[in-house]
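Novice: Next comes the sequence, and after it the predicted model I'd like to discuss.
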Amino acid sequence: MYRMFCIVVGYFIGCIQTAFIVGKFIGNLDIREHGSGNAGTTNVTRVMGWRAGVFVFAVDILKAVLAYALCSLIFGGRFAPGGAGLVSGESILPGLYAGAGVILGHNFPFYMKFKGGKGIASSVGVILCVDWRISLIDYACALFGALITKYVSLASLIVTGLFPILLFLFGYQLEVCLIELAMAGLAYFQHRDNIKRLAAGTERKFSIGGEPK
């Protein structure tokens, strides 16, 4: 029962759609009608500049951290990054389900006709809450991919796809791995057009300021 509660709490926190709000109140625009049409960090940065992009990225990470901490507190779960979740009697499941809810709320906010972002910044927040060792490896691999290729979408695929693999390698329980495998699958689905463009060599490389041509 607590699993559904955590997902619902996370969903409504995730529905605070930062990119959409920043676009409306600062840029006087619907971010979904500009650039790539995605209500997320990368598109905000391209259309509105790096300051707006950094703000959106930070708030979307904090949404996941807030939901994770809140549900961990309510249900006696762990909120102490660093592998303590492997100790008997401590569980990261309440926070993890809340984090999954945040991603769902971010991607499919009910008041935006379920058209939101792709959930990468919130995924970054969840990864940070689970285990700092895994987060360092995951972030480093994603950053390396972005710096080498200039494709933010590739970095997004790396950070989400590598996470469940690292959880398994670090010995986390099966349910934990399966939750994040499902979230990785959602991220890849949300990036399906990016994947096609990456395969075709037509994906846009990252640039700041102004809409992409």
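Specialist: Cool, the structure landed. Just so it is clear, the model here is predicted, and its values are computed rather than measured.
Novice: Quick one: the helices in the chain, in order.
Specialist: All helices of the chain, identified by DSSP state H, fall at 2-14, 18-25, 41-48, 50-75, 93-107, 120-130, 132-149, 152-169, 174-190, 192-200.
Novice: Between helix 93-107 and the fourth one, find me the angle.
Specialist: Note on geometry: by axes from the mean of the first three to the mean of the last three C-alpha atoms, to 10 degrees, helix 50-75 and helix 93-107 are set 140 degrees apart in direction.
Novice: Then the second one?
Specialist: The directions of helix 18-25 and helix 93-107 differ by 40 degrees, with the same axes, to 10 degrees as the criterion.
Novice: Same question for the first one.
Specialist: Compare the direction of helix 2-14 with that of helix 93-107 by the same axes, to 10 degrees and you get 40 degrees.
Novice: what packs against the worst-scoring helix or strand of the chain on mean pLDDT?
Specialist: In the chain, no helix or strand scores lower on mean pLDDT, DSSP states H and E than helix 41-48, which sits at a mean of 91. Applying 3 or more C-beta pairs under 8 Å, 6 or more residues apart in numbering; DSSP states H and E, we find helix 41-48 packed against helix 18-25, helix 50-75. Bear in mind the C-beta positions are built from the backbone N, C-alpha and C, glycine included.
Novice: average pLDDT across the last one?
Specialist: When you say that, I think you mean helix 50-75. Mean pLDDT, helix 50-75: 94.
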